[in-house]
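1. just the structure for this:
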Amino acid sequence: MYKVFIKNKPLFFIENDEDISTLDSQFVYSCDSVTQKKKILDLHSSSGSNIYVKGASFDAIWELFFGTFKTVQAAGGVVINNKDQVLFIFRNGFWDLPKGKVEDAEVIEIAAVREVEEECGIRKPTLISNLLVTYHTYDTYGENCIKPTHWYLMQYNGAEELLPQEEEGITNVQWVNQEDIASKMLNTYGSIIDVIGAFKNNKE
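-> As a prediction, this is how the structure comes out:
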């Protein structure tokens, strides 16, 4: 199952029949046309419940919803230091994790490390493991985009001063004690909550 955040609200796309078995059927909608897609998007916008979409095939349903979207690959990290603190940034009014666009022909893991370095002013965080991929949509200059963001767990053992990349809208970078992360989640994006959840599950 794929979870795509549209205007910071999740819409779920069913990949196979096994995904349906634990779902409340009243929130599972079949969609095979543009008209049905519009109805589902309207329902997604107005409903307080999670909406699940299925089609003739997963490829067909993905093409119907996002076939005209530009795909923008991104990468970032949950970075921990030797005090077991997590690196957070404050960007455009929200708490966030360092991430950014993968450049043309760039290896995704290299992009994740580079973005952490550029946005936070540290050097050579070490990749530990893959966490998950999140998806969200946005508009830029009138163009619809879908951004898969590849998240990695990283370790940093240096002592460099944190420097926010202000030209990217970042005004604060800080190490956060893990018991204080919950307060940051009150002012963040749904996808970031999922990333922190994957990080916590990875530790268990």
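
2. going forward, measure contacts between C-alpha atoms and count neighbours the same way
-> OK.

3. where does the chain have low pLDDT?
-> 18-19, 21-22, 25, 204 (pLDDT under 70).

4. tell me how it divides into domains.
-> 2-66, 71-203 (automatic domain parsing).

5. save those domains as TSV, and put in mean neighbour count too.
-> Below are the domains of the chain laid out as TSV (neighbours: other CA atoms under 10 Å):
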stretch	mean neighbour count
domain 2-66	15
domain 71-203	17
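
6. what separates Q178 from L131, distance-wise?
-> Using CA to CA, to the nearest Å, one obtains 17 Å as the distance from Q178 to L131.

7. for G48, same thing?
-> 28 Å.

8. could you do N50 as well?
-> On the measure of CA to CA, N50 and L131 end up 23 Å apart.

9. swap in C145?
-> 23 Å.

10. do I193 as well
-> 13 Å.

11. distance between whichever strand or helix holds D59 and the chain's centre?
-> Using DSSP states H and E, D59 falls within helix 58-66. Counting by CA atoms, centre = their mean, to the nearest Å, helix 58-66 is centred 19 Å from the centre of its parent chain.

12. immediately after that helix, which helix or strand?
-> strand 70-71.

13. what's next to the next helix-or-strand element following that following strand, contact-wise?
-> Next helix or strand after strand 70-71 toward the C-terminus (DSSP H and E): strand 74-80. Outside strand 74-80, the residues within contact range by CA atoms under 8 Å, 6 or more residues apart in numbering are 86-87, 97-102, 108-109, 111-113, 115-116, 125, 147-156, 195-196, 199.

14. next SSE downstream of strand 74-80?
-> strand 86-91.

15. which elements pack onto the lengthiest strand in the chain?
-> Looking across the chain with DSSP state E, the single longest strand is strand 126-140. Judged by 3 or more CA pairs under 8 Å, 6 or more residues apart in numbering; DSSP states H and E, strand 126-140 is in contact with strand 2-6, helix 108-120, strand 143-155, helix 190-203.

16. switch the cut-off to 6 Å
-> Applying 3 or more CA pairs under 6 Å, 6 or more residues apart in numbering; DSSP states H and E, we find strand 126-140 packed against strand 2-6, strand 143-155.
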